[in-house]
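S.K.: sequence plus the predicted model coming up.
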Amino acid sequence: MADDTNRFSDEEALRFHSFDKPGKLAMVPSKPMATQRDLSLAYSPGVAVPVQAIADNPDSIFDYTARGNMVAVISNGTAILGMGNLGAAAAKPVMEGKAVLFKRFADIDSFDLELNTEDVDAFCNAVRLLEPTFGGINLEDIKSPECFLIEQRLREEMSIPVFHDDQHGTAIITAAGFINALDLTGRKMADTKVVMLGAGAAAIACAELLKAMGLPHNNLLMCDRRGVIYQGREDGMNQWKSAHAADTTDRSFEEAMKGADVFIGLASRNSVTQDMVRSMAAKPIIFAMANPDPEIWPEEVAAVRGDAIMATGRSDYPNQVNNVLGFPYIFRGALDVRAKSINEEMKLAAAHGLAELAREEVPDEVATAYAGKKQSFGPDYIIPTPFDPRLMETIPPKVAQAAMDSGVARRRIEDMGSYRAQLRTRQDPSLARLNSMFESLKGLKRRVVFAEAEEERVLRAAIGFKAAGYGEPVLVGYDDAVADQLRAMGVNPDDFDIRSAKTSPRREDYVNYLYERLQRRGHMLRDVQRLVNRDRNIFSACMVALGDADAMVTGITRHYWQVLESVRKVIDPMPGYPKPMGLSLYISRGRTVYIADTTVNERPTAEELADIAVHAAEAVRHLGHEPRVALLSFSNFGNPMRAKANHVREAVEILAKRGVNFEFDGEMSADTALNPDLLALYPFARLSEPANVLVMPALHSANISYKMLSELSSDSRVVGPLLWGMSKSVQVVRMSSRTSELVNMAAFAALGAGEPKRTAPDETDPA
Ligand SMILES: NC(=O)C1=CN([C@@H]2O[C@H](COP(=O)(O)OP(=O)(O)OC[C@H]3O[C@@H](n4cnc5c(N)ncnc54)[C@H](OP(=O)(O)O)[C@@H]3O)[C@@H](O)[C@H]2O)C=CC1
Ligand SMILES: CC(=O)C(=O)O
Ligand SMILES: [Mg+2]
């Protein structure tokens with residue numbers, strides 16, 4: 001039934017939206033803007049050149065500006081979800097949400113525009129004038145019947161796709177779920193009786209698409225607040241409702257539901273009763289799609305009909321029939337062929353594509369995003385889930401092909417195979433991977449100690465960590481001070497576990513444990529007492545070592561080395577790891593590169609460097625990538641032959657002798673490792689493709705590289721360094737870490753707490 005890990009309080013929803021930066025959207029430049037030359041190119045005088053080019057050839061706007069990948073999400077707030085007419089300003093959170101979903105799922109740049117008018121002419125005039133800015137217009141949450149007039153007018157007046165998502169997006173997803181639910185219950189379209197509650201934007205479009213797919217006109221009874229829309233009804237009608245008036249004697253919605261095979265709710269919350277569901281045909285299909293609360297809850301249906309297939313618009317129940325599955329990919333396909341519009345052919349292609357995808361074997365990475373729940377085609381999985389990465393490579397090609405076949409494409413895609421490959425890289429698998437790894441934490445409730453909880457950044461991170469459902473933060477700091485800070489941030493301290501050495505009943509246990517470890521390393525009992533009482537990192541590490549917490553995150557207030565030294569007094573490296581190591585992730589669009597060892601081993605010997613390569617490869621596999629390790633230096637395979645690179649060359653020989661089970665080579669320079677053309681100059685090299693793991697010759701080069709990357713990159717990010725190889729899960733952040741980085745590192749700490757015991761290097765399988 002309901003997935004409780006996705007439940008949250010109203011306060012959490014508000015906190016999520018105000019956390020870090022208010023809202024869900026920000027802009028990033030796509031060109032460097034660092035030097036005077038950059039400025040000259042981007043703005044005056046350089047910008048004059050594309051200005052003239054566009055004036056001479058209007059189509060070149062797609063080559064020189066962001067227009068071709070830019071979609072506006074536009075609303076006037078007259079039908080916000082199922083909440084009604086709450087005005088343009090109140091619509092902004094939903095519209096920001098749609099804009100970020102465009103980016104997240106289909107790499108489409110998008111921002112929201114809320115228009116403060118209910119007047120159709122004023123609305124159309126405002127939108128029409130925006131045509132040069134956008135490649136497409138997504139209309140959203142505009143009530144009927146005005147939405148029909150607005151969309152029709154804009155489609156006629158604009159030569160870019162104008163798509164009212166509540167109409168067509170919803171219809172496409174509903175149609176896909178409908179096809180599969182009929183299949184699962186052995187029904188044929190011609191014999192299926194459908195009752196629809198709602199006769200507005202979404203319902204009218206759904207009715208049209210289902211009929212276009214073959215549902216006979218009189219098999220669909222549409223109902224509004226006044227009951228069934230029948231032929232001859234006059235009150236509360238408009239031309240769009242009239243088009244679906246059925247030849248029936250049923251007058252009330254309740255009557256219509258008797259014996260119905262399918263119910264489709266696109267109306268408002270709690271508008272269907274259990275008695276109505278009881279009166280439906282065997283194996284009823286129930287799509288209660290009002291948002292945020294459905295027409296009837298799945299639990300209520302289950303209580304009276306064990307044989308129902310149930311879907312809602314929500315993500316916390318199985319079968320989320322929601323337009324999020326469609327609009328990102330439909331626009332992706334339309335933009336990529338510069339379609340003039342999104343027509344019926346494109347909608348049908350998307351609907352069939354979604355229906356087919358649900359019948360295919362679901363890859364494991366989808367299960368990871370859904371807390372390990374493996375899905376397979378059946379009553380609880382009639383439609384793909386939003387985090388399914390296959391959507392991106394499946395739906396846009398079908399939409400693009402349909403646009404080309406139906407003559408609305410301005411540009412052709414000749415090679416669909418390479419288009420699919422390009423779609424895959426757009427998806428940024430690394431970010432998706434991070435996200436899905438973190439998603440897998442939901443419900444595990446791992447206890448992560450935030451060792452510096454008096455710091456505001458840390459508290460905000462702990463709040464964010466809890467709100468994201470990644471685990472239970474344990475806040476270490478003076479109890480009163482932490483509680484006061486939480487209160488000042490509008491958070492109830494009782495919702496958090498706050499610990500300090502002063503009040504901890506476990507203090508003596510921690511002292512005894514640590515004294516046992518340190519008594520022959522120069523520490524007297526009173527030294528150890530002082531450490532436990534005064535050093536937050538020691539106290540926190542003791543909590544983890546003695547099982548009072550699963551993991552810890554720290555590092556904001558003290559230097560990395562000092563922190564690591566404290567932690568290592570309490571926790572040992574994992575067997576097989578003489579020393580832990582730091583692994584930094586450089587993540588850019590379509591490419592992830594790991595750098596090791598960025599924090600611990602200062603001047604590794606050849607043997608140690610080989611160990612680092614083995615451990616890094618193992619960690620990278622654990623994070624979901626197949627490692628290709630380059631051992632870096634300033635020279636390439638002995639050119640120039642210099643003594644400073646000897647230990648790197650020797651490390652490569654050691655790895656060859658050990659017969660490790662991953663690709664590696666060196667010594668080589670960073671550009672050879674990363675650039676396929678340069679790598680091709682060394683046909684004997686053992687790397688089949690450019691490296692994704694860079695083992696640096698020493699700490700200075702490793703540390704300098706990742707810090708430079710993290711300061712200089714604008715459209716990529718550096719994550720970590722992750723501390724790898726401790727016997728308990730500890731992550732040490734950089735002192736400069738922002739709140740969001742802290743949340744990520746705490747999530748990595750929580751993930752580390754569940755890792756299986758890793759293989760020691762000497763246990764590595766020979767290749
Ligand atoms: N899951 C999804 O992907 C989507 C879900 N939706 C949901 O569909 C619903 C409607 O949205 P939309 O079409 O944009 O809105 P509209 O305002 O255009 O239409 C609402 C329609 O619902 C009818 N209605 C509302 N309450 C009742 C009720 N209690 N009994 C009977 N009819 C009722 C109205 O009847 P009348 O004409 O008599 O006023 C009207 O026909 C919303 O809840 C929305 O969240 C919408 C889009 C996507
Ligand atoms: C999902 C959506 O667009 C709606 O409920 O309005
Ligand atoms: Mg909507």
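M.R.: Received, thanks. Ligands and ions are numbered 1, 2, ... in the order given.
S.K.: and residue 516, helix, strand or coil?
M.R.: helix (DSSP: H, G, I helix; E, B strand; the rest coil).
S.K.: likewise for residue 498?
M.R.: When classified by three-state DSSP, residue 498 comes out as strand.
S.K.: what bridges to it?
M.R.: Assessed by DSSP bridges, residue 498 has beta-bridge partners residue 475.
S.K.: just the mean pLDDT for the helix or strand where residue 613 lies, thanks.
M.R.: For residue 613, the host element (DSSP states H and E) is helix 606-622. The pLDDT scores in helix 606-622 average 91.
S.K.: who's in contact with stretch 505-519?
M.R.: 501, 504, 523, 525, 527-529, 531-533, 538-539, 542-543, 545-546, 548, 569-570 (Cβ atoms under 8 Å, 6 or more residues apart in numbering). Every residue, glycine included, has its C-beta placed from N, CA and C.
S.K.: sorry, back to before: any buried residues in the helix holding residue 613, and which?
M.R.: 606, 608-620 (16 or more other Cβ atoms under 10 Å).
S.K.: angle of the following helix or strand past it against helix 606-622?
M.R.: Downstream of helix 606-622, the next assigned helix or strand under DSSP H and E is strand 628-632. With axes from the mean of the first three to the mean of the last three Cα atoms, to 10 degrees applied, the angle from strand 628-632 to helix 606-622 works out at 150 degrees.
S.K.: against residue 198, how distant is residue 103?
M.R.: With distances taken as Cβ to Cβ, to the nearest Å, residue 103 is found 30 Å from residue 198.
S.K.: give me the more crowded residue out of the two.
M.R.: Between residue 103 and residue 198, residue 198 has the larger neighbour count (other Cβ atoms under 10 Å), namely 25 against 16.
S.K.: who's in contact with the more buried one?
M.R.: Contacts of residue 198 (Cβ under 8 Å, 6+ apart): 222-224, 265-268, 290.
S.K.: which SS state does residue 208 fall under?
M.R.: helix.
S.K.: wait, doesn't it sit right on residue 174?
M.R.: No - counting by Cβ atoms under 8 Å, residue 208 does not reach residue 174; the two are 11.2 Å apart.
S.K.: between the two, who's got more neighbours?
M.R.: For residue 208 and residue 174, the more surrounded residue by other Cβ under 10 Å is residue 174, and the numbers stand at 29 against 18.
S.K.: where does the more buried one fall, secondary structure wise?
M.R.: helix 168-184.
S.K.: which positions in that helix come out as buried?
M.R.: 168-182, 184.
S.K.: determine whether any part of it lies close to ligand 1.
M.R.: Yes - interface with ligand 1: helix 168-184 contributes residue 170 (Cβ under 6 Å from any ligand atom).
S.K.: tell me how far the residue in the stretch 301-450 of the chain positioned nearest to ligand 1 lies from ligand 3.
M.R.: As assessed by Cβ to the nearest ligand atom, ligand 1 sits closest to residue 313 within the stretch 301-450 of the chain, at 2.8 Å. Using Cβ to the ion, to the nearest Å, residue 313 is found at 9 Å from ligand 3.
S.K.: do the same with residue 221
M.R.: From residue 221 to ligand 3 the distance is 24 Å (Cβ to the ion).
S.K.: okay, and the beta partners of that residue?
M.R.: residue 195.
S.K.: same thing with residue 138?
M.R.: Assigned bridge partners for residue 138, using DSSP bridges, are residue 73, residue 163.
S.K.: would you list every one of the helices in the stretch 501-650 of the chain?
M.R.: All helices of the stretch 501-650 of the chain, identified by DSSP state H, counting those that start in this stretch, fall at 507-518, 525-534, 536-545, 560-570, 606-622, 646-658.
S.K.: now, of the ones you listed, which is deepest in the fold?
M.R.: helix 536-545 (a mean of 26; mean count of other Cβ atoms under 10 Å).
S.K.: what's the spacing between it and its chain's center?
M.R.: Computed by Cα atoms, centre = their mean, to the nearest Å, the chain-centroid distance of helix 536-545 equals 32 Å.
S.K.: tell me the angle of it relative to helix 525-534?
M.R.: Using the same axes, to 10 degrees: helix 536-545 against helix 525-534 is 90 degrees.
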